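>>> for reference, the sequence and a predicted model appear below.
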Amino acid sequence: MDIKGKTVMITGASRGIGAEAVRLFAAAGANVAAVARSAGGLEALAEGCDGRVMGFALDVADYGAVDAAVQQCVRQFGGLDVLINNAGVIEPISHLSAAEPDAWGQVIDINLKGVFNGMRAAVPAMKATGGGTVLTVSSGAAHGPVEAWSAYCASKAGAAMLTACLDKEERGHGIRAMGLSPGTVATQMQKEIKASGINPVSQLAWEDHIPADWPAKALMWMCSPDADEFTGSEISLRDEGIRKRVGLT
């Protein structure tokens, strides 16, 4: 896909991987719908992107708000070509037996229901114009337990299965669904993990984490035909072969 002139919606867009992806796609000539809870963060981001970014301050756990953003995006830009489900939280980091139920459930609302909400709102709009690409930022935590991350692991595992279900149901209708497991990334989330001091991930040094622009570049590559062979699966940025194909060193 030549991304110039295409329309891309990115959730969790105000910082970290999401903000880097907004900048990258906008610089490549895409129209970007940037979604985050922080209106201030979105305004600051849009200022440096030559008017190509439309900000939506909303909670991805609210389906009505997500659907309204998709519809406004379609009216403004004429369609929606790519959805990047990036919004995610890890707090509260807590052992399951001591977890506060409402806080635990909020992680599910954002990390799992938020992904469903994005897919449910975006896919019909994509199918109406012949198809599109749905990318979901996954994690190694989707595939193995991590101490004190029960909500995060469970939500990421569920999101990975949603991606597989979407592929099974909609590949024949032009929908390319894939996951990206980036590894550990130098973002605010890693600072929260570090502060918890609970499991081995919290013991990693800052320089052990990859920069946030690496996953952003991988997400752009995943929009291209070169990534077609991975449709329906999850790509790991820990894979040196994938890094070479993305153009990372």
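The structure has been received and is ready for your questions. Residues are numbered from 1 along each chain as shown.
>>> worst-scoring helix or strand of this structure, pLDDT-wise?
helix 39-47 (a mean of 82; mean pLDDT, DSSP states H and E).
>>> in its sheet, what does the next helix or strand after that helix sit against?
Counting by DSSP states H and E, the element after helix 39-47 in chain order, helix or strand, is strand 53-57. Pairing partners of strand 53-57, with direction, according to DSSP bridges: strand 31-36 (parallel).
>>> ok, which stretches of this protein are helices?
16-27, 39-47, 63-77, 101-108, 114-127, 150-170, 188-196, 213-222, 240-246 (DSSP state H).
>>> turn the ones you listed into TSV, columns for distance to residue 176 and mean neighbour count.
In short, each C-beta sits where N, CA and C put it, glycine included. Converted to TSV, the helices of the chain look like this (distance: least, CB to CB, whole Å; neighbours: other CB atoms under 10 Å):
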stretch	distance to residue 176	mean neighbour count
helix 16-27	16	24
helix 39-47	26	16
helix 63-77	18	17
helix 101-108	26	14
helix 114-127	10	22
helix 150-170	8	20
helix 188-196	27	16
helix 213-222	8	23
helix 240-246	16	14
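>>> where among the ones you listed is average confidence lowest?
Averaged per stretch, pLDDT over the helices of the chain is lowest on helix 39-47, reaching a mean of 82.
>>> can you give the distance from that helix to the centre of its chain?
18 Å (CA atoms, centre = their mean, to the nearest Å).
>>> with stretch 38-46 instead?
Using CA atoms, centre = their mean, the mean C-alpha position of stretch 38-46 is found 17 Å from that of the whole chain.
>>> what does stretch 23-33 give?
15 Å.
>>> got a list of contacts for it?
When contacts are defined by CB atoms under 8 Å, 6 or more residues apart in numbering, stretch 23-33 is touched by residues 3-10, 22, 45, 48-50, 52-54, 56, 69, 73, 76-77, 80, 82, 213, 216-217, 220.
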